[in-house]
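**Q** this one's sequence-less:
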């Protein structure tokens, strides 16, 4: 089992920034690709960003490219999502997820999920 705990969400004005963190425990963190997903009210959960086990490869959804950056620190068992130039449409609950070995962008392919952290962007 892998336990994931997100933090860093909050309420910010449009154009602002937030940095989300997700701390993992339970298994060898570097064996897992990590992803960030989000779910807005009334919508399905969607892919935001993903990173390979070593951090060499990163992937982003089109709406966040150039604004969000995913990174990880395997020594701290932590994955981050730096979010800049935030927009009201970024408002959602943000989840981190872990997938054994292979990075992926599909929600259904992730094995473990955190409880989520709320991000609200005011216009």
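**A** Yep, it's here. Computed from a predicted model, the values in this text were never measured in an experiment.

**Q** Next, name the residue at the spatial heart of this protein.
**A** Nearest residue to the geometric centre of the chain (C-alpha atoms, centre = their mean): residue 36, 2.3 Å.

**Q** The closest residue to residue 38 other than its chain neighbours: neighbour count?
**A** Spatial nearest neighbour of residue 38, excluding adjacent residues (C-beta to C-beta, 6 or more residues apart in numbering): residue 92 at 3.8 Å. Any C-beta I mention is one placed from the backbone N, CA and C, and that applies to glycine too. When neighbours are counted by other C-beta atoms under 10 Å, residue 92 registers 22.

**Q** Can you name the residues bridging to residue 50?
**A** Residues in a beta bridge with residue 50, per DSSP bridges, are residue 35, residue 59.

**Q** before we move on, the earlier item: my read is that the residue nearest to residue 38 contacts residue 36, right?
**A** No. Using C-beta atoms under 8 Å, residue 92 is not in contact with residue 36; the gap is 10.6 Å.

**Q** quick one: low-confidence parts of this structure?
**A** Counting by pLDDT under 70, not a single residue of the chain qualifies.

**Q** Give me the contacts around stretch 110-118.
**A** Residues outside stretch 110-118 that contact it (C-beta atoms under 8 Å, 6 or more residues apart in numbering): 1-10, 20, 22, 32, 35, 37, 39, 93-100, 104.
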